[in-house]
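> Mind folding the following:
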Amino acid sequence: MKSIQRVFSLSKFNGDDVKITARLIYSISAALIIFSLFFALVLPLVTPELRRQVIILALIAVPANLAIIGLVHSQRLRTASSLLTFLIWLIITAASTRTGGVSAPIVIGYMFLIILGGVLSRRDQG
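This next block holds a predicted model:
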């Protein structure tokens with residue numbers, strides 16, 4: 001039980017800004033894992049033609065987000081934020097190219113990516 005609590009708790013960080021950044025990275029990565037697994041299980045039932053694409057994205061997103069969570073636990077926030085930003089860019093780009101290009105609704109995700117990149121690009125991260 002203690003090992004599970006250790007996985008879900010954050011390491012000790014110095015400074016409130018660094019704690020907030022670590023929690024943000026951790027929360028987004030955990031949410032991406034949950035949504036990737038949810039979409040990999042549900043979307044193929046609704047639209048079987050997207051099964052291969054969704055499973056490939058989940059096979060990329062889940063291990064990458066687990067690695068990001070590991071980087072947060074080892075207090076390497078700059079690397080974790082760069083990897084998270086790249087991963088979200090990759091997912092948005094892959095989804096937009098497969099679903100209609102710039103006219104696809106997923107393109108709105110680029111605005112989220114720009115905001116996330118600005119928030120995570122602080123100089124004083126560890």
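
> got the buried residues for stretch 53-67?
For stretch 53-67, a neighbour-count test (16 or more other Cβ atoms under 10 Å) marks 53-55, 57-58, 61-62, 64-65, 67 as buried. Placement of C-beta: from N, CA and C, glycine included.

> what residues does that stretch touch?
29-30, 32-33, 36-37, 39-40, 43-44, 83-84, 87, 90-91, 94-95, 98 (Cβ atoms under 8 Å, 6 or more residues apart in numbering).

> Same question for stretch 100-113.
85, 88-89, 91-92, 95-96, 99.

> Name only those of those that count as buried.
85, 88, 91-92, 95-96.

> Go through the buried residues of stretch 53-67 and name the one nearest L116.
L116 lies nearest to N65 out of the buried residues of stretch 53-67, by Cβ to Cβ, at 14.0 Å.

> name the element that closest one belongs to?
Secondary structure assignment for N65, by DSSP states H and E: helix 51-73.

> right, and the helix or strand after that helix?
Trace forward from helix 51-73 with DSSP H and E and the next one is helix 77-98.

> Give the burial count for F35, as a bare number.
12 (other Cβ atoms under 10 Å).

> Can you point out the helix or strand that includes it?
helix 16-46.

> Which secondary structure elements does that helix sit against?
Using 3 or more Cβ pairs under 8 Å, 6 or more residues apart in numbering; DSSP states H and E as the contact test, the elements touching helix 16-46 are helix 51-73, helix 77-98, helix 109-120.

> Can you tell me which of those helices is nearest to T21?
Short answer: helix 77-98, nearest of the helices and strands packed on helix 16-46 by Cβ to Cβ, at 5.8 Å.

> residues touching T79, list them.
L71.

> Look up the pLDDT of it for me, please.
In the predicted model, T79 carries a pLDDT score of 93.

> swap in R123?
Note on R123: pLDDT of 57.

> Repeat that for M111.
92.

> before we move on, what about S103?
At S103, pLDDT is 82.
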